[in-house]
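Next one to model:
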Amino acid sequence: MENVLLTVHLILALLLVGVVLLQRSEGGGLGMGGGGGGAMSQRQAANAMTRATWIIAVAFICTSLALTIVAASNSSTGSVLDQIGSQGEADSGAPVGNDLLPPTTGSNPLAPPRAEDLTPGAAPETQGQTPVPPAPAN
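Next comes the predicted model:
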């Protein structure tokens, strides 16, 4: 049902664009014709095109509303983010929650050391190591 409505909606959108482009604008536009002869006068053609534009526009709005109603009836009551979260938990290979963090051990803490724990002037990498004297200049 939703696919049929979507197809009709797309056809109506293309028809609406075509009908609007065929209408004669004040500057000439893409309108066809220009002579006074023919089966219909310019005023009758303008009325027919205006009527066709209104009919297609109303049908386009109706299919838009129908698609909205169908989509709302097919959706669940939760939010999109809730649906993503439940799908992520269902995937066995996708890491979720605390699986994203590296494992911690006693000697390898998860967080870097606090500034109070460092000795003044020592970088975190060299904390607890003996400093290496610079190499003598040649």
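
And the longest helix belonging to the chain, what does it pack against?
For the chain, the helix with the greatest residue count under DSSP state H is helix 42-74. Helices and strands touching helix 42-74, as assessed by 3 or more C-beta pairs under 8 Å, 6 or more residues apart in numbering; DSSP states H and E, comprise helix 2-22. In short, each C-beta sits where N, CA and C put it, glycine included.

which strands and helices sit next to the helix it packs on?
Packing contacts for helix 2-22, counted by 3+ C-beta pairs under 8 Å, 6+ apart, involve helix 42-74.

So which bits of the helix it packs on are buried?
Buried residues in helix 42-74, counting neighbours by 16 or more other C-beta atoms under 10 Å, are found at 45, 49, 52, 53, 56, 59, 60, 63, 66.

will you turn those residues into a markdown table that also has pLDDT?
Written out in a markdown table, the entries for these read as follows (pLDDT from 0 to 100):
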| residue | pLDDT |
| --- | --- |
| 45 | 66 |
| 49 | 86 |
| 52 | 91 |
| 53 | 92 |
| 56 | 96 |
| 59 | 96 |
| 60 | 96 |
| 63 | 96 |
| 66 | 95 |
